[in-house]
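Student: Kindly return the folded structure for what I paste below:
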Amino acid sequence: MSADEDKSKYDLREIVFLFLAIFLVCIYLFRGWQSSIKKNEPQIPYIKNEITEGDIPHTSAENGSAVRLSKHLEPMAHKGNLSGEAKQVIGIKIDINKAAQSDFESLPGIGPSLARRIIEKRDEVGGFKSVEDIKQVKGIGDKKFGKIRELIDIK
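Tutor: Alright, predicted model coming up:
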């Protein structure tokens with residue numbers, strides 16, 4: 001063997017090793033890129049599971065009218081088909097006279113114990129007459145009421 005043949009074999013090994021290393025790095029980066037895409041996707045499983053195709057309204061381009069999604073889903077909400085989080089996402093206010101503990105817990109700043117106190121107060125007074133009556137519950141002051149005011153209602 002001559003020196004040129006040894007050098008060409010050595011160069012060939014370097015090239016093969018270099019391509020293999022580049023290939024492995026590309027695979028590693030591609031897999032990381034795919035997993036980061038999955039992490040950045042919005043996760044709304046409760047809406048995916050609870051809203052069927054027949055529940056989504058169709059808008060008419062001919063007359064230019066569009067009906068809000070919440071108007072079509074309110075009947076589902078009253079039947080108890082939507083969770084408190086799902087109601088908030090689509091813009092349906094939570095009826096404080098009919099809400100379950102989990103519905104109250106979906107509101108900002110309200111945990112399990114405060115949700116129980118709201119229900120106890122509601123049962124004690126025979127239902128709230130106005131949304132402001134919820135401030136009678138220990139733990140709901142003006143500040144917390146201000147955070148939930150636009151998310152609650154009495155129907």
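
Student: the domain parsing of this protein - what is it?
Tutor: Domain segmentation of the chain under automatic domain parsing yields 1-35, 84-155.

Student: count of neighbours near Tyr10?
Tutor: 10 (other CB atoms under 10 Å). C-beta: built from backbone N, CA, C; applies to glycine.

Student: likewise the one 10 residues further on?
Tutor: Other residues within reach of Leu20 by the criterion other CB under 10 Å amount to 10.

Student: Quick one: residues contacting Glu132.
Tutor: Phe145 (CB atoms under 8 Å, 6 or more residues apart in numbering).

Student: for the protein, which spans come out with low pLDDT?
Tutor: Counting by pLDDT under 70, the chain shows low-confidence ranges at 1-7, 9, 33-91.

Student: Can you list the residue ranges for strands in it?
Tutor: 94-95, 152-153 (DSSP state E).

Student: what packs against the last one?
Tutor: So the one you mean is strand 152-153. Taking 3 or more CB pairs under 8 Å, 6 or more residues apart in numbering; DSSP states H and E as contact, the helices and strands that strand 152-153 lies on are strand 94-95.

Student: Swap in 6 Å and give it another go.
Tutor: On a contact count with 3 or more CB pairs under 6 Å, 6 or more residues apart in numbering; DSSP states H and E, strand 152-153 meets no helix or strand.

Student: Output stretch 114-123 in CSV, but only the C-alpha positions, please.
Tutor: Only the C-alpha atoms of stretch 114-123 are listed here, as CSV (Å, rounded to 0.1, in the frame of the first residue of the first chain):
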residue,chain,number,x,y,z
LEU,A,114,-64.4,28.9,49.2
ALA,A,115,-66.5,27.1,46.6
ARG,A,116,-68.1,25.1,49.5
ARG,A,117,-68.8,28.2,51.5
ILE,A,118,-70.5,29.8,48.4
ILE,A,119,-72.8,26.8,48.0
GLU,A,120,-73.5,26.7,51.8
LYS,A,121,-74.4,30.5,51.7
ARG,A,122,-76.6,30.0,48.6
ASP,A,123,-78.5,27.2,50.3
